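# Need the 3D shape of this:
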Amino acid sequence: MALPVAFFAVFFAYPVAAIVARGLKTDGVWRFGRIGEVLAQSDIRHVLWFTTWQALASTALTLLIALPGAYVFARFDFRGKQVLRAVVTVPFVLPTVVVGTAFLALVGRGGLLDQLWGVRLDTTVWAILLAHVFFNYAVVVRTVGGLWSQLDPRQEEAARMLGASRFAAWRKVTLPALSPAVAAAALMVFLFTFTSFGVVQILGGPTFSTLEVEIYRQTSEIFDLATAAVLTIVQFVAVGAILAVHAWTVRRRETALRLVAPETTARRPRGAGQWALLGGVLASILVLLVLPLGVLVQRSLDAPGGYGFAYYKALTSADSGIFLVAPIAAIGNSLEYALAATAIAVVIGALAAAALTLPESRLRSTGGTSMTGRLVRGFDALLMLPLGVSAVTVGFGFLIALDEPPLDLRSSWILVPLAQALVGVPFVVRTMLPVLRAVDGRLREAAAVLGASPWRVWREVDLPMVRRALLIAAGFAFAVSLGEFGATVFIARPDNPTLPVAVARLLGRAGDLNYGQAMALSTILMVVCAVALLLLERIRTDRTGEF
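Prediction:
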């Protein structure tokens, strides 16, 4: 645990604590009364209310739309299923800036809805809710569908034989077994939407603001660090509570059920009702997931002189006045940063996952089973915190905290990969944990008895079994690092912008040329993420739905 704990202490806890201290300390004295003063402001209470309300609404809408999809992927076997599974996951790994841009192209000024029916949904809450469904659809499908595919269907069939209706059998047999997975998925969706930044920043305009957007506004526009610090504390407490409940639901899901191989539960649809359900799910995926991405590509090609690559060609010019280099340079910058961040995330995440899978007998020496359990659960929660704590706070904290030797990194290129790696580590851990836990410890013991050193045991026993999981973890870390926006918007330099930062800055400037270039860069970023994910699906062997 030593290296992961040190990494999170220096590059996560320290920057967050620094910005909180800067906001709440005056002349060396803590002013905790500032918390009550900030929370008493009507506009801040409105932000808190909207953040919670839109997260609850987004979660409910996502569950309503995605649960039928989870059933279809779990119980039906049809041609193109694995490709479609990858397609529905593409939105989840896309940067939130691209998600916001895609929906802006669909529902914004001059978008498809505006052209066909004169309807604009940008700067409305509906655009935000639909974009959140787009982003989180895969969370429900993979989390709930992964467990659903492993539930033995004979249990429900037995209930039907005993006289229960189809609905009663599902309600009394399947739903209780699925409830931990549904709760876990709902909590993760709520977490992602509660901390939403890029989507709300682009689609909400000045009308709507979540906690994350308000923290950004207070730090970068108003320079009120005290208010930003209070909002960071509020978000930290809320995220901690969500993660604690999520950990409890995951433990229930892992221990309460007897599961079967998912290959034995899927079959071709039978009857008009099942085919209609499959058709409805495919239609919803086409409208909600594929259409926004298709419109994004179409808008990137729709230049004033007719369809073509004019906006893509404009990316090679450095005369925009927005960047010190041509916007296309952001592609190379992003790839370099993402590769460095992936290497860091894989090292830190693999060590953390290995620590979490140590045999209990080796951990007992730390002071008893109960303390060991609390230690491991606390360490596991620590690894998940970067997904929920304000990335804006982390990025601004980097600028404040990492400015003195030996950690004066503000002028170093490594600052951006470090911020991106914080987001990648949880995905590495979650991908590798199930595989590491499945390795039979007796294999390691046998190798040790035969004289193998610990290093050789790992190289010849563990590594061959976890190699694919390691590649998948690296792929997910690369994809999420490529699209990290909240922290890098503060620390990416004008002469080395990343793709998400470049897209946001282009959208922030008026003019069709800037808008078209933002669409072109978003399309490039989408294609890179989609290709990475499709490659991951080809090497994946575990089809149970774990990320």
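
# Now the biggest helix by length in the chain: buried residues?
Of all segments of type helix in the chain, defined using DSSP state H, the longest is helix 42-75. Of the residues in helix 42-75, those with enough neighbours to count as buried (16 or more other Cβ atoms under 10 Å) are 44, 47-48, 50-51, 54-55, 57-59, 61-63, 65-67, 69-75. From N, CA and C alone the C-beta is placed, and that goes for glycine too.

# Please report phi then psi for the residue nearest to D462 when sequence neighbours are not counted.
Nearest in space to D462, with sequence neighbours left out and distances taken as Cβ to Cβ, 6 or more residues apart in numbering, is V439 at 6.0 Å. Geometry field for V439 lists phi and psi as phi -70, psi 130, criterion degrees, to the nearest 10.

# got the contact list for V439?
By Cβ atoms under 8 Å, 6 or more residues apart in numbering, the contact list for V439 reads 357, 461-462, 465-466.

# do I400 as well
Here I400 is in contact with 15, 18-19, 22 (criterion: Cβ under 8 Å, 6+ apart).

# can you do 7 Å?
With contacts defined as Cβ atoms under 7 Å, 6 or more residues apart in numbering, I400 is in contact with 18-19, 22.

# Relative to P153, which of those is nearest.
P153 lies nearest to I19 out of those, by Cβ to Cβ, at 51.7 Å.

# thinking again about what came up before, the residue nearest to D462 and G273: what is the separation?
Between V439 and G273 the computed distance is 43 Å (Cβ to Cβ, to the nearest Å).

# With S411 instead?
Between S411 and G273 the computed distance is 63 Å (Cβ to Cβ).

# what's the answer for G306, then?
Counting by Cβ to Cβ, the separation of G306 from G273 is 47 Å.

# rewinding a little: heading C-terminal from the longest helix of the chain, find the next helix or strand.
Heading C-terminal from helix 42-75, the first helix or strand you meet, by DSSP states H and E, is helix 81-93.

# got a list of contacts for that following helix?
Contacting residues not belonging to helix 81-93 are listed as 73, 99, 134-135, 137-139, 141, 285, 289, 476, 479-480, 529-530, 533-534, 537 [Cβ under 7 Å, 6+ apart].

# give me the number of residues near G36?
Counted with other Cβ atoms under 10 Å, the burial measure for G36 works out to 9 neighbours.

# what helix or strand does it sit in?
Element membership for G36, per DSSP H and E: helix 33-39.

# now the strands: where do they sit in the stretch 351-500 of the chain?
Using DSSP state E, counting those that start in this stretch, no strands are assigned anywhere in the stretch 351-500 of the chain.

# now the helices: where do they sit in it?
Shown for the stretch 351-500 of the chain, the helices assigned by DSSP state H, counting those that start in this stretch span residues 360-363, 369-388, 391-401, 415-438, 441-449, 454-457, 463-482, 488-491, 499-507.

# how many neighbours does the closest residue to A266 other than its chain neighbours have?
When the adjacent residues along the chain are set aside, A266 lies closest to D77, with 4.2 Å between them (Cβ to Cβ, 6+ apart). The number of residues packed around D77, counting by other Cβ under 10 Å, is 12.

# isn't D77 right up against R268?
Yes: under the criterion of Cβ atoms under 7 Å, D77 lies in contact with R268, with a separation of 5.5 Å.

# Contacts only, for the residue nearest to E214 when sequence neighbours are not counted.
In space, not counting the residues next to it along the chain, E214 is nearest to V47; the distance is 4.8 Å by Cβ to Cβ, 6+ apart. If a contact means Cβ under 7 Å, 6+ apart, then V47 has 209, 211, 214 as its contacts.

# Same question for A345.
The contact partners of A345, taken as Cβ under 7 Å, 6+ apart, are 421, 424-425, 428, 477, 481.

# which stretch of helix or strand covers D122?
In the assignment (DSSP H and E), D122 maps to no helix and no strand.

# Show the backbone phi and psi for it.
For D122, the backbone dihedrals (degrees, to the nearest 10) come out as phi -70, psi 150.

# Also R267?
R267 adopts backbone torsions of phi -150, psi 170, taken as degrees, to the nearest 10.

# ok, now the one 3 residues further on?
Dihedral pair for R270: phi -130, psi 130, per degrees, to the nearest 10.
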